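Enquirer: all I have is the shape, not the residue letters:
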């Protein structure tokens, strides 16, 4: 059983459900547009069971053997089967209300084709660099604030919970629990990258136009693209710090590289640089697989019905804690 997404229309899910794998056409020549550029268009699936960071117990082991990769995929399939067959459990008042059952999850069943032990390819240890002193202090302060003020108002919730940006939509987009699809539209002088999660559409000019003023911040940043041979390079800055992506700041710079490898594969590589957060840049590489199905419109708790419920619950807890 292989899913290509999960179609959902309530609290946080909408995706594409496809049974079976996309046929392998790895030997086919990568297609080109009518104007001669590599064709990046299509719906691309970026699911992967390969973790972002290399597990510490693997130390300097950058690649799995073929047998180890197969075992990792068998374990993922077994886990999916076990969760599908698991009996339903009723939530308890005042306890953990749980989450979606496994029908809605779409973590994938395949590791990256290279057999890497992490999506991060730099630093060589496959892990994010250490935080700078200011980055660590900011992370600690943020964690303490969230413990003390989990729901004072709507701004205390993440942009994902508030349905502003998807939790895997970035940029950069990274594999997560579900909705791991992105659609690319292309013209000679523009590219549009639309993530399935929250249907965020990012317009990337390719015509050399000037950037926005540094004081203009945006949730998805200000992107500009250009070609380096067969690779499209997208440089993005002017991120609004309110998005709070991995503790980064408005100093963050993102460089994404998209390369059409063959008829069904698009290599997506990105490098994050934020000297206020990490001691060095870090790079990840995520192979994208062509999805023959269209994306469905995302519905993230339509009307934001969840927000008054969550805030109301917090007020009830605060009242109950009063002497």
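Expert: Nice, I can see it. Keep in mind the model is a prediction, meaning the values are calculated, not measured.

Enquirer: now the strands: where do they sit in the stretch 51-200 of the chain?
Expert: Using DSSP state E, counting those that start in this stretch, the strands found in the stretch 51-200 of the chain span residues 120-122, 181-186, 190-195.

Enquirer: nearest to residue 62, of those strands?
Expert: Closest of the strands of the stretch 51-200 of the chain to residue 62 is strand 120-122, at 8.4 Å (criterion: CB to CB). Every C-beta, even on glycine, is put in place using the N, C-alpha and C of the backbone.

Enquirer: output the contacting helices and strands for that closest one.
Expert: Packing partners of strand 120-122 (3 or more CB pairs under 8 Å, 6 or more residues apart in numbering; DSSP states H and E): strand 282-291.

Enquirer: quick check: mean pLDDT across the strand it packs on?
Expert: Here strand 282-291 scores 95 as its mean pLDDT.

Enquirer: rewinding a little: out of the strands of the stretch 51-200 of the chain, nearest to residue 240?
Expert: strand 190-195 (17.0 Å).

Enquirer: residue ranges in this protein under the pLDDT threshold?
Expert: 1-28, 91-100, 302 (pLDDT under 70).

Enquirer: follow-up on the earlier one: tell me which of the strands of the stretch 51-200 of the chain is the most buried.
Expert: strand 181-186 (a mean of 21; mean count of other CB atoms under 10 Å).

Enquirer: so what strands line up beside that one?
Expert: strand 42-45 (antiparallel), strand 190-195 (antiparallel) (DSSP bridges).

Enquirer: hmm, who's touching the longest helix along the chain?
Expert: Longest helix in the chain by number of residues (criterion: DSSP state H): helix 66-85. Contacts with helix 66-85, where a contact means CB atoms under 8 Å, 6 or more residues apart in numbering, come from 1, 49, 64, 101-103, 105, 107-111, 115.

Enquirer: now the helices for this protein?
Expert: Under DSSP H, the chain gives helices at 66-85, 133-148, 306-321.

Enquirer: just send those helices back as CSV, with mean neighbour count and distance to residue 31 too.
Expert: Below are these laid out as CSV (neighbours: other CB atoms under 10 Å; distance: least, CB to CB, whole Å):
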stretch, mean neighbour count, distance to residue 31
helix 66-85, 13, 28
helix 133-148, 12, 42
helix 306-321, 12, 42
